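Undergrad: here are the coordinates; sequence isn't available:
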């Protein structure tokens with residue numbers, strides 16, 4: 001029984017790390033939502049998203065999750081006509097970042113709730129382990 005509880009702890013801890021990375025990347029995207037290119041006609045900030053991979057903890061046998069890398073979102077950049085902007089191309093168009101703040105905030109909220117769910121799993125497992133130890137001491 002305790003091996004199963006330790007497996008739950010191991011799986012939930014990988015979820016905590018993965019969701020922390022997910023929140024960090026979404027926060028970076030929000031912070032750069034208005035970052036245009038440094039040179040006329042150049043590309044602005046490109047949205048980054050985490051790439052998750054299932055991992056097996058050999059010690060506990062638990063399946064967990066890991067962020068393997070941050071991938072660039074290759075969707076098109078929106079353009080805006082503003083010939084006075086320093087990043088405008090020869091036709092007067094400025095490429096804007098492909099970041100949608102509302103989508104990023106929703107992603108942060110979802111990652112926060114997933115993080116909290118993993119914390120609840122850890123708390124529940126800890127409580128059950130402590131109760132089992134109390135019973136063994138009697």
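TA: Received, thanks. Quick caveat, the model's predicted, so the values are computed rather than measured.
Undergrad: Okay, now stretch 55-69: how far is its last residue from its first?
TA: End-to-end distance for stretch 55-69: 14 Å, by CA to CA, to the nearest Å.
Undergrad: how far is it from where the chain is centred?
TA: Centroid separation for stretch 55-69 versus its chain: 17 Å, with CA atoms, centre = their mean, to the nearest Å.
Undergrad: go on, stretch 10-20?
TA: On CA atoms, centre = their mean, the centre of stretch 10-20 falls 11 Å from that of its chain.
Undergrad: ranges for the strands of this protein?
TA: For the chain, applying DSSP state E gives strands covering 48-56, 63-72, 79-81, 93-95.
Undergrad: Of the ones you listed, which stretch is the most buried?
TA: With neighbours defined as mean count of other CB atoms under 10 Å, the strands of the chain peak in mean count at strand 93-95, which reaches a mean of 19. In short, each C-beta sits where N, CA and C put it, glycine included.
Undergrad: Identify all contacting residues around it.
TA: With CB atoms under 8 Å, 6 or more residues apart in numbering as the test, strand 93-95 has contacts from 36-37, 41-44, 77-82, 85, 87-89.
Undergrad: so what strands line up beside it?
TA: Strand pairing for strand 93-95, using DSSP bridges, gives strand 79-81 (antiparallel).
Undergrad: can you pull out the helices in the protein?
TA: Remark: helices assigned in the chain by DSSP state H are 2-31, 101-137.
Undergrad: From residue 130, how far off is the residue at minimal distance from the centre of the chain?
TA: Centroid-nearest residue in the chain, with CA atoms, centre = their mean: residue 22, separated by 0.8 Å. Distance of residue 22 to residue 130, given as CB to CB, to the nearest Å: 30 Å.
Undergrad: what does residue 84 give?
TA: Taking CB to CB, one finds residue 84 at 65 Å from residue 130.
Undergrad: The two: which is more packed in?
TA: Neighbours were counted for residue 84 and for residue 130 using other CB atoms under 10 Å; residue 130 has more, 10 against 7.
Undergrad: got the contact list for residue 112?
TA: By CB under 8 Å, 6+ apart, the contact set of residue 112 is 19, 23.
Undergrad: Cheers, nothing more for now.
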